[in-house]
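Participant: just a sequence and a predicted model for now, questions to come.
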Amino acid sequence: MNTIQLYLNDQLADVSEDSPIALTFQINDLSEVKNQQGNTSNQFKLPLTQNNRIILGYADDIGITDTVAAPQIPYTQLSARIIQNGIEILPNAIAEINEVDDNTVSITVLSGNVDFFDALGGQIADMGDSTSQWSNYGSNLLWKPYDHTWDLQSAAYSQKNTEADGWIYPVIDYGLIDLYDFSLPVNVHNLRPGFFIKKAIDILVQSTGYTATGSLLADPLYPLLIAQFSNSSWEHGVDFQNVTNQVAAMELGQNLSVDHPNAETPANGMGNITWGVINSYWNNQFVPGHGFTASATETVLITVTVPHLYFKGVVTGKTPSYLNVIIWLTTPGLSDAALAQMQFDFSAGYHHITGSGSGIIGSTDIYHQTLTATTELAEGQGLYIGYEFQGSTDANFEMDGDATWTVQAQNQTVKFNQVVQCERILPDMSQLDFLKDTFQRFGIMCQTDVYNKTINFACLKDIINNIPVAFDWTSKCIDQGKQLNYQLGSYAQVNNLEYQTDPNILPLKFGWDRLIINDQTLSTVPTDLIVSKFGPSFNRPYIGGSIAQIIMIDPTSGTNDFTVSVAPRILVDQKLNIGALGKTVNFTDGVNTIAVNDVISVPYFYKPDCEYNLSWCDVTPPGQTVPIPGLKTKYYSDLQKVLQNTKILVRYFLLTPRDIAGLDLLVPVYLQQHNAYFYINKIDSWMKGKPCKVELVRIG
């Protein structure tokens with residue numbers, strides 16, 4: 001009896017024998033090493049019984065609408081389980097409604113890797129936004145524990161940081177470290193952080209509810225990789241911008257009238273405007289009746305709005321009167337500095353009050369005037385609004401009580417002494433692209449365990465090493481014909497392994513290599529097999545040999561601003577024991593200094609005296625004969641052997657539900673008929689009691 005049960009949102013659905021459910025199983029198609037695959041079903045139909053209509057939220061009703069607050073079932077993914085003869089074939093799957101006709105609804109079920117990859121997909125930066133689905137709308141801000149302050153202490157004391165810590169400020173030359181005098185202090189204003197790639201992937205995996213396992217975790221290179229900051233701008237996370245971009249606003253509350261006593265000689269009169277009402281606080285940084293004091297480093301926009309001001313004074317004769325309203329900056333121990341000012345005078349006309357000829361006193365009403373200024377404040381610096389009479393002292397003004405001034409943070413760009421959100425250290429790319437780039441670097445194919453919610457980061461070598469425990473499918477293979485192919489996918493005779501090109505890195509193809517397949521039947525036109533999202537980095541001399549160089553400073557600009565756009569960078573962390581060299585590196589913020597005399601971090605892309613090499617190609621250091629193996633040699637030699645003598649066998653197998661439930665695609669199968677071991681490239685359209693087509697790739 002072919003009994004299949006489908007549960008949708010933990011409710012047993014009615015299935016029809018007229019539209020059977022066929023399942024496809026796959027983790028990684030060797031014909032497409034760029035991509036990861038997963039388990040899927042065919043698109044099958046469920047009858048529109050009343051039970052199914054309830055389970056599917058009446059998907060046949062045209063009146064159904066979606067809302068952000070309460071999305072309806074046709075617009076969501078449903079949890080799904082498929083049970084065959086009491087054996088759970090797909091325990092933790094998802095189902096999607098494709099379409100509805102008069103009497104049926106079309107469904108597709110996804111499981112395995114699809115479930116994992118479907119949980120990703122947003123930008124990495126979205127994970128720090130509590131309003132984004134990728135942070136689970138604020139309840140799952142997994143990057144927040146790695147927030148830290150960009151300051152002297154963070155940079156100097158992070159030199160020993162490892163993957164467990166997440167972030168690090170390695171000694172990198174962005175264009176401002178002296179090329180000749182290595183004894184000069186390293187100014188931490190000119191350093192930028194990196195984030196360990198393994199920790200970043202741990203965070204991505206954790207966000208899906210899975211836990212990572214597999215041989216990748218045991219690879220000694222994996223925890224050393226750093227995604228080093230090289231973005232065109234260094235911005236705060238969305239939450240930081242939203243929280244700190246608050247407005248502090250003060251209002252006069254009542255009309256302000258100020259007289260400057262009459263005198264025959266020109267004189268100036270100055271004073272502060274006293275604000276009576278606080279409309280909104282910003283961390284209590286407004287001082288009632290006076291001004292604003294910064295509690296941390298912040299860039300602010302100051303706006304003074306004067307809806308109406310009445311001004312009276314000398315128009316002709318003596319020295320004509322005018323009034324300045326000024327935004328003042330206060331710094332403890334220093335004189336106040338004017339940031340901006342606006343002038344009120346009689347240039348637009350006046351109302352004659354008294355006098356004639358050279359002794360006219362008049363008045364004017366001035367409406368809708370605004371004064372703005374933007375400045376960066378350090379902790380303890382302050383702002384206030386003042387006035388200053390100029391010209392004749394025979395003057396006065398009255399400002400309406402609805403005049404206001406506001407201070408609003410402009411915290412988009414990270415400033416020194418501000419908090420860093422680590423998701424913004426990484427390149428601006430999607431979670432999937434970041435993950436796949438790492439998979440491609442190590443030749444990883446992953447397999448999910450939906451029972452235990454784990455994902456196994458494995459490689460082709462792991463499958464070959466599993467030959468001793470291979471499944472023997474000799475008796476399950478049935479004689480319904482066979483197909484043998486000698487080409488796999490769209491490989492060419494020359495397959496390029498590439499990094500991003502960067503005009504600052506010459507030659508432009510530094511670190512590239514080619515995977516060669518000696519098969520004359522393949523295309524002679526080279527194809528791009530892998531193109532990393534990252535670019536290579538050169539080194540320059542420094543203590544102990546060299547440090548990585550990522551030039552982001554334009555030497556002709558006359559500033560220390562990071563204005564040069566470069567490709568994202570990946571480096572290998574190296575701890576240099578400068579104590580053993582008798583050296584000290586002084587880190588400074590321009591005021592204070594921290595001396596480090598034990599270990600500094602000097603990561604690299606490639607160094608001739610180091611164990612690892614991030615180039616795709618092998619590199620032989622000058623004066624040596626033994627090359628440092630590149631990524632192709634370390635992680636793609638097994639694939640190259642398979643492709644060099646490709647044999648793809650397609651045969652039909654009669655697999656039981658127990659075979660499917662116990663399926664491990666990281667374990668090869670053995671067929672006595674061919675006296676060979678095979679990687680399961682794909683199980684196509686499996687149904688209980690019926691032969692299914694299986695695509696096998698010979699290994700070993």
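Facilitator: Yep, it's here. Residues are numbered from 1 along each chain as shown.
Participant: can you give me the pLDDT of the residue nearest the centre of the chain?
Facilitator: For the chain, the residue nearest the mean C-alpha position is Ile124 (2.9 Å; CA atoms, centre = their mean). pLDDT, Ile124: 94.
Participant: now do it against Phe605, distance only.
Facilitator: 22 Å (CB to CB, to the nearest Å). Just so you know, the C-beta spots here come from the backbone N, C-alpha and C atoms, and that holds for glycine as well.
Participant: quick check: mean pLDDT of stretch 242-257?
Facilitator: Per-residue scores along stretch 242-257 average to 77.
Participant: should've said stretch 634-648
Facilitator: 92.
Participant: kindly report the same for stretch 561-572.
Facilitator: Averaging pLDDT along stretch 561-572 yields 93.
Participant: just give me how far that stretch sits from the chain centre.
Facilitator: 15 Å (CA atoms, centre = their mean, to the nearest Å).
Participant: also stretch 256-263?
Facilitator: Worked out by CA atoms, centre = their mean, stretch 256-263 lies 58 Å from the chain centre.
Participant: please apply the same query to stretch 45-52.
Facilitator: From the chain centre to the centre of stretch 45-52 is a distance of 42 Å (CA atoms, centre = their mean).
Participant: Leu110 falls within a helix, correct?
Facilitator: No: with DSSP: H, G, I helix; E, B strand; the rest coil as the criterion, Leu110 is strand rather than part of a helix.
Participant: surely it meets Ile94?
Facilitator: Yes: with contact defined as CB atoms under 8 Å, Leu110 reaches Ile94; the gap is 5.2 Å.
Participant: need the overlap of contacts for these two.
Facilitator: Common neighbours of Leu110 and Ile94, counting by CB atoms under 8 Å, 6 or more residues apart in numbering, are Asp118.
Participant: can you list the low-confidence ranges for this protein?
Facilitator: For the chain, the stretches flagged by pLDDT under 70 are 1-2, 31-42, 64-71, 243-247, 262-268, 281-290.
Participant: now do the domain split for it, please.
Facilitator: Domain ranges of the chain: 4-111, 124-237+421-585+592-608+627-639, 246-410, per automatic domain parsing.
Participant: looking at those domains, spot the one closest to Lys688.
Facilitator: domain 4-111 (5.3 Å; CB to CB).
Participant: distance between the ends of the closest one?
Facilitator: Using CA to CA, to the nearest Å, one end of domain 4-111 lies 17 Å from the other.
Participant: in contact with Val531, which residues?
Facilitator: 496, 498-500.
Participant: run the last query once more with 10 Å
Facilitator: 34, 437, 440, 496-501, 512 (CB atoms under 10 Å, 6 or more residues apart in numbering).
Participant: ditto for Cys477
Facilitator: 649, 651-654, 669, 671-674, 691, 694, 696.
Participant: likewise for Trp616?
Facilitator: Trp616 sits in contact with 441, 496-499, 509, 511-515, 529-530, 532, 536, 630-636, where contact means CB under 10 Å, 6+ apart.
Participant: out of the residues you listed, list just those in helices.
Facilitator: Using DSSP state H, the subset of the contacts of Trp616 located in helices is 441, 631-635.
Participant: rebuild those residues as a markdown table, extending it with distance to His236 and neighbour count.
Facilitator: Shown next, in a markdown table, are those (distance: CB to CB, whole Å; neighbours: other CB atoms under 10 Å):
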| residue | distance to His236 | neighbour count |
| --- | --- | --- |
| Arg441 | 29 | 22 |
| Leu631 | 34 | 24 |
| Lys632 | 39 | 24 |
| Thr633 | 42 | 16 |
| Lys634 | 38 | 17 |
| Tyr635 | 37 | 21 |
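Participant: all strands of the stretch 401-550 of the chain, in order?
Facilitator: 404-409, 419-420, 444-449, 454-459, 471-472, 477-485, 494-498, 513-516, 527-531, 538-542, 545-549 (DSSP state E, counting those that start in this stretch).
Participant: tell me which of those strands sits nearest to Tyr367.
Facilitator: So among the strands of the stretch 401-550 of the chain, strand 404-409 is nearest, using CB to CB, at 14.8 Å.
Participant: and that closest one, which strands flank it?
Facilitator: strand 247-251 (antiparallel), strand 298-314 (antiparallel) (DSSP bridges).
Participant: show me which residues of the longest one are buried.
Facilitator: Spelled out, that is strand 298-314. 298-300, 302-306, 308-314 (16 or more other CB atoms under 10 Å).
Participant: identify the farthest-apart pair in the residues you listed.
Facilitator: Taking CB to CB as the measure, these span a maximum distance of 41.9 Å, between Glu298 and Val314.
Participant: for the ones in helices among the contacts of Trp616, name the two members farthest from one another.
Facilitator: Maximum distance among these (CB to CB): 13.1 Å, for Arg441 and Thr633.
Participant: so Leu497 bridges to which residues?
Facilitator: Asp513, Ile530.
Participant: how about the strands in the stretch 201-350 of the chain?
Facilitator: Under DSSP E, counting those that start in this stretch, the stretch 201-350 of the chain gives strands at 211-213, 225-228, 247-251, 256-260, 269-272, 277-280, 292-293, 298-314, 322-330, 337-344.
Participant: out of those strands, the one nearest Ile463 is which?
Facilitator: Closest to Ile463 of these is strand 211-213 (CB to CB; 15.3 Å).
Participant: just checking: what are the partner strands of that closest one?
Facilitator: When pairing is defined by DSSP bridges, strand 211-213 lines up against strand 454-459 (parallel).
Participant: pull out the buried positions in the partner strand.
Facilitator: For strand 454-459, using 16+ other CB under 10 Å, the buried residues are 454-459.
Participant: of all the residues you listed, which comes closest to Trp473?
Facilitator: The closest of the buried residues of strand 454-459 to Trp473 turns out to be Ala458 (CB to CB; 20.4 Å).
Participant: state the distance from the nearest residue to the closest one once chain neighbours are set aside to Ile444.
Facilitator: Distances taken as CB to CB, 6 or more residues apart in numbering put Gly214 closest to Ala458, at 4.8 Å, once the chain neighbours are dropped. Distance of Gly214 to Ile444, computed by CB to CB: 8 Å.
Participant: go on, Tyr451?
Facilitator: Taking CB to CB, one finds Tyr451 at 21 Å from Ile444.
Participant: out of those two, which sits in the busier spot?
Facilitator: More neighbours surround Ile444 than the other of Tyr451 and Ile444, with 25 against 10 (other CB atoms under 10 Å).
Participant: so the more buried one versus Tyr222, what's the distance?
Facilitator: 10 Å.
Participant: can you pull out the strands in the stretch 601-700 of the chain?
Facilitator: Assigned by DSSP E, counting those that start in this stretch, the strands in the stretch 601-700 of the chain fall at 648-653, 669-671, 676-686, 692-699.
Participant: so for stretch 187-198, what gets flagged as buried?
Facilitator: 187-188, 190-198.
Participant: still on that earlier bit, in CSV: the strands paired with strand 404-409, plus distance to Gln431.
Facilitator: What follows is the strands paired with strand 404-409, written out as CSV (distance: least, CB to CB, whole Å):
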stretch, distance to Gln431
strand 247-251, 33
strand 298-314, 30
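Participant: select, out of these, the one closest to Phe389.
Facilitator: Closest to Phe389 of these, according to CB to CB: strand 298-314, at 8.0 Å.
Participant: chain center to stretch 591-601, what's the gap?
Facilitator: On CA atoms, centre = their mean, the centre of stretch 591-601 falls 30 Å from the chain's centre.
Participant: swap in stretch 313-327?
Facilitator: The chain centre lies 55 Å from the centre of stretch 313-327; the measure is CA atoms, centre = their mean.
Participant: which parts of it are buried?
Facilitator: Those buried within stretch 313-327 under the rule 16+ other CB under 10 Å are 313-315, 318, 320-327.
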